[in-house]
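1. With the input below, show me the fold.
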Amino acid sequence: MIMTRDGNIVRNGNTKIGNLSFEEVEKFKYLGATVTNINDTREEIKHRINVGNSCYYSLEKLLSSSLLSKNLKVRIYETVILPVVLYGCETWTLTLREEHRLRVFENKVLRKIFGAKRDEVAGEWRKLHNTELHALYSSSDIIRNIKSRRLRWAGHVACMGESRNAYRMLVGRPEEKDL
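-> Numbering: from 1, shown residues only. Purely as a prediction, here's the structure:
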């Protein structure tokens, strides 16, 4: 993947370095995360939610079981499902649509964990409202978790030496100029 400074994609076939030839691509997987030539995180977030869904559905019977306490179910969510969804989230740029999708995913899992509520007036069972869910779930929601992880990562980068590329990107000096 080759890009110019202004973000335009340069397409000229393959890139050669020495005897090696590298094919130019629009996206690729690196350490399990999808990297695109336009730094689009929508596809990665969608993939993470899909992987989280498959993890959730494999644990669905456990999360709806009456034999396990709600605290244990929450710990299963936080240690098994949530890390799968949030892998690599430190580099995500979230739009409102992605934030909504992530909240919907989290609410679905929390509804399975906390179950339905009996409405005393009507005498019927109903789903918990979002505010009720978050009152029962004492940890921070998924969006705050992502923002916290991004800040923590920025702190790590800020402590890096000036020779590190990540630090130079953070302070706005991606390339040193020789005088």
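
2. low-scoring stretches of the protein, by residue?
-> The chain contains residues with pLDDT under 70 at 1-13, 173-179.

3. rerun at 50
-> In the prediction, the chain carries no residues with pLDDT under 50.

4. could you point out the longest helix in the protein?
-> Longest helix in the chain by number of residues (criterion: DSSP state H): helix 96-114.

5. For it, list every residue counted as buried.
-> Buried residues in helix 96-114, counted by 16 or more other C-beta atoms under 10 Å: Glu98, Arg101, Leu102, Phe105, Glu106, Asn107, Val109, Leu110, Arg111, Lys112, Ile113, Phe114. To be clear about C-beta, it is placed using only N, CA and C from the backbone, and glycine gets the same treatment.

6. got it, and stretch 73-86?
-> Buried residues in stretch 73-86, defined by neighbour count with 16+ other C-beta under 10 Å: Lys73, Val74, Ile76, Tyr77, Ile81, Leu82, Val85, Leu86.

7. about what we covered before: just put the buried residues of helix 96-114 in TSV and tack on distance to Ile45.
-> Below are the buried residues of helix 96-114 laid out as TSV (distance: C-beta to C-beta, whole Å):
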residue	distance to Ile45
Glu98	5
Arg101	7
Leu102	7
Phe105	10
Glu106	13
Asn107	16
Val109	16
Leu110	19
Arg111	21
Lys112	21
Ile113	22
Phe114	25
